[in-house]
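>>> Take this sequence and fold it.
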Amino acid sequence: MIEHCYQPIPGWFYFAEAYTAAVTRAPSEKPSIFVELGCWRGRSTCFMVVEILRSTKPITFYAIDTFNGSTEHREGIPEELPDLFSSYCENTAQLREIAPRSFFTLRGDSALSAAGFKPESVDFVFIDAEHTEEAVRRDIDAWWPKLKSGGVMGGDDYGLVGVRLAVLRSFSPNGNVYQPDGYPYWEVTKQ
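Next comes the predicted model:
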């Protein structure tokens, strides 16, 4: 069994439960597509790829990021930004070798990257790129049509005002936003 390798990678990752649940929900008998928007140095990406490999389910995983950092990073810790992509590539190299046909990294704008996916073709989208209300709404608007019926869209940092407003304004008054106690992520299942 392949061991998890995400622990030493710098970054934030508080949504292992959401990623594990997504893999558990995925069918064994037909292919699934998972998308992660925002990868930083690859901590959450590595966790998800290992979970997918352990499951042996036919899941194709796309990790999408500009690798320029989001607004709060460009203003707060700019010394780390020039090497984000090289650091990500180094941290994910072993997994890319193990899963060359099921793990792909796309370098680009998270919302614009949705154009490369067919409508209703994606089973799971996790949004953790820019955290402004406008950026999260762009991602939701771009990726929601790509999500299959029964698919799950979620994201991190629900406690941030911009993220929470984007999610609530996009999905309320339906009232179908799930936010588990003690976890800073959110999920919505497409009906």
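>>> Name the residues of the longest helix belonging to the chain that come out as buried.
Using DSSP state H, we find that the single longest helix of the chain is helix 84-98. Buried residues in helix 84-98, defined by neighbour count with 16 or more other Cβ atoms under 10 Å: 84-85, 87-88, 91-92, 95. Heads up, the C-betas are built off the backbone N, CA and C, glycines and all.
>>> what ranges do the helices span in the chain?
16-25, 43-55, 71-76, 84-98, 133-143, 161-171.
>>> Most tightly packed of those?
Scoring the helices of the chain by mean neighbour count under mean count of other Cβ atoms under 10 Å gives helix 43-55 as the most buried, with a mean of 22.
>>> any idea which helix or strand of this protein has the worst average confidence?
Taking mean pLDDT, DSSP states H and E as the measure, the chain has helix 71-76 as its least confident helix or strand, at a mean of 60.
>>> now the residue positioned nearest the centre of the chain: how far from V50?
The centroid of the chain falls nearest to E36 when counting by Cα atoms, centre = their mean (2.3 Å). For E36, the distance to V50 (Cβ to Cβ, to the nearest Å) stands at 13 Å.
>>> can you redo the buried residues of helix 84-98 as CSV with pLDDT?
Listed next are the buried residues of helix 84-98 as CSV, based on pLDDT from 0 to 100:
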residue, pLDDT
L84, 88
F85, 93
S87, 93
Y88, 96
N91, 96
T92, 97
L95, 96
